[in-house]
Structure formats: C-alpha cells, structure tokens
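Colleague: this one's structure only:
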C-alpha cells in the first residue's frame, strides 16, 4: 500500500474560518469505537464545537458501520477539513474487491498540510491472519499496524503540529512505550518552540512508568495536569474504567478547561476536551 493510498483528505470548512481572529481554540480527542453510534458521535461533536478534533477507530467501508466513510461523514456534517490515515485493513469487514479499513482522523476548521503517517516499527502479532481462523468478524483479522497520524495546521498564520495516536491494545506497556518513544523522537524535528500536540488512545496510564519518563524527557506537558479521571466507562461492577486517553502539549501554548465528558455514551471511550491558547 503506497503512502498516497494510506491517507485520505477532504476540505469542508468554509474559507472564512481561515481569516477569523481567535483567543483560544477548542480541542477534542476521542476514540469513537468505529463510529458504531455515528449519530451520537456527531451530536456530541456538534455541541462541543471543536476547532481541532482527534478521532481514533474511525471505519471506512466496513459492514458494521454500513460501508460509510465515517471520518468524511463527520467532517461534512461539522463543516471541517479532515485527514484520515488507514491503520488496518479489516479483513472480515470488507471483500477482496471492496476492502474495509479503520484508522485515525484529524479534523480542523483550518487548512491541514504535510500529512504523513508514522507506522510504528514495533507491532503486535495478535492481529495477523491465521489459516486456522474462520473469516468471520469476531476474530478481527487485520493487515496493517498501529500508527501516528501527523499533520500541520495553519491557524490564522500560526502553525501547530499534531500527532494523533493509537497505541497497541495487545501486548505490554513496553511495546506501547516503544511506539510512544518513536512518536516523541519524531517530534524533536520541530524543536521545542513549535506548538505541538500529542493526543489519542495510549492504552496505558501515561502519568506513571515509562510513558511519564518519555513525555517528561521530551518536554511535553499533560494537559490535565495529572488530574485524570477514568476515560473509559466501567465494564463491570469490579471494573471502574481506565485512564488511557491523553492530550499532551509542548511549546508556546498552554491548556485550560480540561474535561472528560463522562455523560457521553456514543462510544466505549469518553471524549476529552481542552481549551488551548498560544502564548
């Protein structure tokens, strides 16, 4: 699969957005669980009014989401520009002539440019097809790998670099931290004075262990100031939810009004939101 085939883009934001002055911008990051509850996802995002949104687990042409292009549907409804990076080809959700994918989408009211993918060097073997498994949805056989979707956004003359992450859900924290380290190493090319965001589903608690060490060493700040609540709903009476979704900032920007929107039930993750101001 060539890089051109791995990335899709569309522009639906009215041109006037590129000219409007601003004091701060609204950021949302959310694993939308394929877009299975698309109407609920759109309704929340429409009410939250994000200026930039990072979405993980967006489907493209999958049976389970009615063969819709989820990222494009959301961008059109919200009148935003978008880029979409294909994380996996979902072998049980499409066909040879009409393949299905899921991945990350970044939406913005301003132009998006220089989009690229970091497909992590270290991956889990869990998702690979096996001859002994039937070709049916419960087995989720896939081709591809976890990635970071990198974009540059021009906000009325100010450039911000964003990394939309989805770290591996299978395997251990050492694997996830290697993927995070690859992302943070890539961010060094922009320098510490370039406004930079790293956000998404980390599948680990980034306030401790190797993830905390890596983000601190790379001079990234937790937008929630380590005051996180659970970002996934409880799975049972004994499961109180997990703290696995994060937003980190670096450079001449500062975050405020951080919140986890725990009243939203359109996914198996809660959306995170912050206000972001340029220093």
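Modeller: Perfect, thanks for sending it. All values derive from a computational prediction rather than experimental measurement.

Colleague: for the record, mean pLDDT for stretch 97-113?
Modeller: Averaged across stretch 97-113, pLDDT comes to 96.

Colleague: Could I get the buried residue list for it?
Modeller: Neighbour counts using 16 or more other CB atoms under 10 Å place 99-112 of stretch 97-113 among the buried residues. C-beta here means a position set from N, CA and C on the backbone, and glycine is covered the same way.

Colleague: Any idea how far apart the tips of that stretch sit?
Modeller: End-to-end distance for stretch 97-113: 30 Å, by CA to CA, to the nearest Å.

Colleague: Kindly report the same for stretch 27-44.
Modeller: End-to-end span of stretch 27-44 (CA to CA): 13 Å.

Colleague: on contacts alone, who are the packing partners of whichever helix or strand residue 174 is part of?
Modeller: Counting by DSSP states H and E, the element that carries residue 174 is helix 173-187. Counting contacts by 3 or more CB pairs under 8 Å, 6 or more residues apart in numbering; DSSP states H and E, helix 173-187 packs against strand 112-119, strand 147-155, strand 158-166, strand 196-201, helix 209-217.

Colleague: got the angle between it and helix 209-217?
Modeller: Inter-element angle recorded for helix 173-187 and helix 209-217: 10 degrees (by axes from the mean of the first three to the mean of the last three CA atoms, to 10 degrees).

Colleague: What residues sit buried inside helix 173-187?
Modeller: Using 16+ other CB under 10 Å as the test for burial, helix 173-187 gives 173, 175, 176, 177, 178, 179, 180, 181, 183, 184, 187.

Colleague: same question, stretch 203-212
Modeller: Buried residues in stretch 203-212 (16+ other CB under 10 Å): 203, 204, 206, 207, 210, 211.

Colleague: got a list of what the second one touches?
Modeller: Contact criterion CB atoms under 8 Å, 6 or more residues apart in numbering gives 167, 173, 176, 177, 211, 244 as the residues in contact with residue 204.

Colleague: if you set the cut-off to 7 Å instead, what comes out?
Modeller: Applying CB atoms under 7 Å, 6 or more residues apart in numbering, one finds that residue 204 lies in contact with 167, 173, 176, 211, 244.

Colleague: ok, now how distant is the fourth one from residue 246?
Modeller: With distances defined as CB to CB, to the nearest Å, the gap from residue 211 to residue 246 amounts to 8 Å.

Colleague: All set, thanks.
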